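Novice: need coordinates for the below:
(chains A and B)
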2 protein chains.
Amino acid sequence: MSILVVGSVAIDSVETPFGVGENVLGGSATYFSTSASFFTDVNLVGIIGDDFPQEHIDFLKSRNIDLRGLVKADGKTFHWKGKYGYDLNEAQTLDTQLNVFQTFRPQIPVEYADTEYLILANIDPELQLEVLTQVKNPRVIACDTMNFWISSKPEVLKQVIAKVDFFIINEGEARQLSGEVNLVKAAKAILAMGAKNLIIKRGEYGVLLFTKDSIFAAPAYPLEKVFDPTGAGDTFAGGFMGYLANTGNISDEGIRQAIIFGSVMASFNVEDFSLDRLRTLQYSEIDARYRSFKRMTHFETVEPT
Amino acid sequence: MSILVVGSVAIDSVETPFGVGENVLGGSATYFSTSASFFTDVNLVGIIGDDFPQEHIDFLKSRNIDLRGLVKADGKTFHWKGKYGYDLNEAQTLDTQLNVFQTFRPQIPVEYADTEYLILANIDPELQLEVLTQVKNPRVIACDTMNFWISSKPEVLKQVIAKVDFFIINEGEARQLSGEVNLVKAAKAILAMGAKNLIIKRGEYGVLLFTKDSIFAAPAYPLEKVFDPTGAGDTFAGGFMGYLANTGNISDEGIRQAIIFGSVMASFNVEDFSLDRLRTLQYSEIDARYRSFKRMTHFETVEPT
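Specialist: Next up is the predicted model:
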């Protein structure tokens, strides 16, 4: 089953202690789509400017990503400039030029309206609500956000949260949104806002899935080389939703497997700048790393002595 | 099989955002021993002053901890005073009074010399080496240290590391000792110093076990109430070694189960001040939480599509 992704397509300039990526392909919808494309067909809704390089269009098309919902507007593409220190967990934003993204009003092509899998990437929660009015009745809705929307539009955001199956945010955002320092209390508070499930991303420490009655803890894959964490969260979500859409299995077990596939995709993505690692990635590598995750976390139940 | 623990017995004064514990029982050997005592017999070698309350002696004895190696010296017991902020991951030391601990020269009672399981808690690495000359040929040696010894006596510490089966330190110490920011590189460097296995503690994020050819990642148990993280690392190590000594199973699988039991013990210990939670803990609760860990981390292998 195909996935519909609504989010940003961007040009990034990124500096890490290991190198510099100038004017490289970026954006939440880009990372989501490329990651999900290893598992299923993807329809992308976003906006680019007239400066957006054709090579990036060609790359997305080479991943079988349907771009009928990618609008080209007069002006420049959204540009983000950021920097990471040796602690690669948090980016320092140096410059944000919204450009054409400022005028983004997502129009869902009519042929996408009956999508069963929908990802609302990090955009204004009012736009996320608008998207939800344009789709019929998705089986699975996932949603991301950021600190800016949590502080500026918390009430609108809560309306979105109440409608989603998977709300996917990081630790700091979970604390900010809930006002709770303790992560278990924060998760309970956010589930009480109406999200069916909550996935809290913890960077190099992995993710926690909170459902109404269980917790699943997945580590991140320990890597010897981490070059550029940009897009890791979006790549995670792309692998997660891509696998769910591929299997259609939204049981607890299916969701857990999807979380590991998401973690696998994120672990590859940080190994090189921009989406470069995903350009050469093979499914056999994804499969091998999934098995490696299993070996890395597996232990047996023991009988009480 | 019984365990020999060499380390500190202390009186602590601890302040957290949730309360204050004045002159409560503390010390690495105390936490180790009490935690391990749920799994096996424990022999404790340490030193106390003449002010050490009889009630603490009575408590340790009630846990079947053999105190023939606990020396009482003239003077005051080691006293540590610390404070935690809302980020409970790191203590701020307000005061350290070594007192009689300054004169500690561990003498291993002759009846302990053929111990098969030995824990060298965080003491001067020169004393750790001395202990190793007083035991015959332990089957499993675990060892802890701290930033102070890493910076002041790195060469002596490396002699200790080369002799141990499990070197157990936290993330920051692993980076400090190896000079590597990346944790996988840090682990490789420390294994190259001769430790057979390395356990890196990451507080609320769990632990990583590095062996020569594998990595095991265990999450921490997500808790709604964390009152006092003091002794969590020592309680972890006590549960870990206690379980190994109980089963005698030092296969990869046995070691992984031991790490989960260690994590279970640490998760209980932080639920109350000092060792108070361990005072009322029942084995049935330990067993239930182990099973909960299994449910929290379990997922199936999938066949490639």
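Novice: hmm, residue A:215 is touching residue B:296, no?
Specialist: Yes - judged on CB atoms under 8 Å, residue A:215 makes contact with residue B:296 at a distance of 5.4 Å. To be clear about C-beta, it is placed using only N, CA and C from the backbone, and glycine gets the same treatment.
Novice: spit out the contact partners of the closest residue to residue A:180 other than its chain neighbours.
Specialist: Excluding the flanking residues, the one nearest residue A:180 by CB to CB, 6 or more residues apart in numbering or on different chains is residue A:186, at 4.1 Å. Contacts for residue A:186 (CB atoms under 8 Å, 6 or more residues apart in numbering or on different chains) come out as A:174-175, A:177-178, A:180, A:200.
Novice: ok, 10 Å please
Specialist: A:169, A:171, A:173-180, A:198, A:200, A:210 (CB atoms under 10 Å, 6 or more residues apart in numbering or on different chains).
Novice: over to residue A:265?
Specialist: Neighbour list for residue A:265: A:31, A:34-36, A:38-39, A:232, A:234-240, A:242-243, A:277-278, A:281, A:286, A:289 [criterion: CB under 10 Å, 6+ apart].
Novice: that older thread, which residues do residue A:215 and residue B:296 both contact?
Specialist: By CB under 10 Å, 6+ apart, residue A:215 and residue B:296 have these common neighbours: A:208-209, B:219, B:221-222.
Novice: would the residue nearest to residue A:180 count as being in a helix?
Specialist: Yes - looking at residue A:186 with DSSP: H, G, I helix; E, B strand; the rest coil, it is inside a helix.
Novice: using PDB, write out every CA atom in the biggest helix by length in chain A.
Specialist: Scanning chain A for the longest helix, with DSSP state H as the assignment, gives helix A:252-269. Coordinates of each C-alpha in helix A:252-269 appear next as PDB, following Å, rounded to 0.1, in the frame of the first residue of the first chain:
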ATOM      1  CA  ASP A 252       1.800  -4.800  18.400                       C
ATOM      2  CA  GLU A 253       4.400  -7.100  16.900                       C
ATOM      3  CA  GLY A 254       4.100  -5.500  13.400                       C
ATOM      4  CA  ILE A 255       4.600  -2.100  15.000                       C
ATOM      5  CA  ARG A 256       7.700  -3.200  16.900                       C
ATOM      6  CA  GLN A 257       9.200  -4.600  13.700                       C
ATOM      7  CA  ALA A 258       8.400  -1.300  12.000                       C
ATOM      8  CA  ILE A 259      10.200   0.600  14.700                       C
ATOM      9  CA  ILE A 260      13.300  -1.600  14.200                       C
ATOM     10  CA  PHE A 261      13.200  -1.000  10.500                       C
ATOM     11  CA  GLY A 262      12.900   2.700  11.100                       C
ATOM     12  CA  SER A 263      15.900   2.500  13.400                       C
ATOM     13  CA  VAL A 264      17.800   0.600  10.800                       C
ATOM     14  CA  MET A 265      17.100   3.200   8.200                       C
ATOM     15  CA  ALA A 266      18.200   6.000  10.500                       C
ATOM     16  CA  SER A 267      21.400   4.200  11.400                       C
ATOM     17  CA  PHE A 268      22.400   4.100   7.700                       C
ATOM     18  CA  ASN A 269      21.400   7.700   7.000                       C
END
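Novice: now it, how far from the centre of its chain.
Specialist: 12 Å (CA atoms, centre = their mean, to the nearest Å).
Novice: and the strands in chain A?
Specialist: A:3-6, A:10-16, A:19-26, A:42-48, A:65-72, A:79-83, A:92-97, A:117-120, A:140-144, A:166-170, A:197-201, A:207-210, A:215-218 (DSSP state E).
Novice: winner for burial among those?
Specialist: Of all the strands of chain A, strand A:3-6 carries the top mean neighbour count, a mean of 30, counting by mean count of other CB atoms under 10 Å in any protein chain shown.
Novice: chain center to it: distance?
Specialist: What separates the centre of strand A:3-6 from the centre of its chain is 11 Å, taken as CA atoms, centre = their mean.
Novice: can you tell me which helices and strands it packs against?
Specialist: With contacts taken as 3 or more CB pairs under 10 Å, 6 or more residues apart in numbering or on different chains; DSSP states H and E, strand A:3-6 sits against helix A:28-36, strand A:42-48, strand A:65-72, strand A:117-120, helix A:125-134, strand A:140-144, helix A:232-247.
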